[in-house]
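Chemist: pasting a predicted model and its sequence here:
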Amino acid sequence: MGLKDRLFPKKNRDKDVTITKAKTHIRKLALSNKNYSKRAEISRKNAKIALKRGEKDRAKNYLIQYKNYQRKMDRANKIRTRIERQIQAIEEGQLVADTGNLMGGMRDQLKTISTKASPTEAAEIAEDSELYVTEIEEAADILAGDPEIDLAIDVDAELEKLESEMLLEQGGEMPEVPSEELEYISDVPMEELPQEDSKEKLEEEIKKLREELEK
């Protein structure tokens, strides 16, 4: 199938050709009516002239022509009205057909999406996701291991010893100190901790970067 056939299917081309022919015929009818109108006007004027000349029979003949042209005009107008009505029906019918095709395609898309996004499918996805999360967490736990087991270090005895020392220091009772009053000691020497730059220093660095970019 060529590009023309894909862009303009045969059915649509036939419809367009039919409508074009119909509109061309309407223009022909309009031109004919214009001609009939002029002839009718002339016939009526001639009928008046004939009466003024006292030629009554001739005046009648001119009026017959006048009426005949009017009848032709009326007939052409009726034909034009019927053709225009059918053109409108074709265009409206095509619009309805296109709307039906569009809605049919949308329905098919909705059907596909609803199948993928159904409550059952969503529940299965959620269940599978939770299972995968659990499996990943279990795998992470396996990789992380247990230092006490991996390093073969038993800290239970050391923990009991530490608790005993605290009991002795506190007169036989475990201390109850609010958590915010206890802070862990950093294992990084203070001199190695990064120092926060002052506002003036940051502004100076930004200024240097801008000057380098403008070069």
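Modeler: Arrived safely.
Chemist: domains of this protein?
Modeler: Split into domains by automatic domain parsing, the chain comes to 3-117, 119-173.
Chemist: in this protein, where is pLDDT below threshold?
Modeler: Filtered on pLDDT under 70, the chain yields the residue ranges 1-12, 147-155, 170-199, 213-215.
Chemist: could you rerun that using 80?
Modeler: Counting by pLDDT under 80, the ranges of the chain that qualify are 1-15, 115-118, 120-122, 144-163, 165-203, 205-215.
Chemist: what's the most buried one of the domains of the chain?
Modeler: Between the domains of the chain, the one whose residues have the most neighbours on average, counting mean count of other Cβ atoms under 10 Å, is domain 3-117 (a mean of 13). C-betas here are computed from N, CA, C, even on glycine.
Chemist: contacts for stretch 76-86?
Modeler: Contact partners of stretch 76-86, identified using Cβ atoms under 8 Å, 6 or more residues apart in numbering, comprise 22, 25-26, 29-30, 32-33, 36.
Chemist: scan this structure for its longest helix.
Modeler: Looking only at the chain and at elements set by DSSP state H, the helix with the highest residue count is helix 56-116.
Chemist: gap between that helix and the chain center?
Modeler: When distances are taken as Cα atoms, centre = their mean, to the nearest Å, helix 56-116 is centred 34 Å away from the chain's centroid.
Chemist: use 720 as the first number for this chain going forward.
Modeler: Sounds good: first residue 720 from here, last item helix 775-835.
Chemist: need the domains of the chain in a markdown table (columns: distance to residue 926).
Modeler: As requested, the domains of the chain are arranged in a markdown table below (distance: least, Cβ to Cβ, whole Å):
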| stretch | distance to residue 926 |
| --- | --- |
| domain 722-836 | 54 |
| domain 838-892 | 46 |
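Chemist: residue 757 versus the residue lying farthest from the centre of the chain, what's the distance?
Modeler: Ranked by distance from the centre of the chain (Cα atoms, centre = their mean), the top residue is residue 773, with 79.7 Å. Taking Cβ to Cβ, to the nearest Å as the measure, residue 773 falls 27 Å from residue 757.
Chemist: quick one on the thing from earlier: ok, which of the domains of the chain comes nearest residue 922?
Modeler: Relative to residue 922, the nearest member of those by Cβ to Cβ is domain 838-892, separated by 43.7 Å.
Chemist: and that closest one, how far out from the chain's middle?
Modeler: Relative to where its chain is centred, domain 838-892 has its mean C-alpha point 49 Å off (Cα atoms, centre = their mean).
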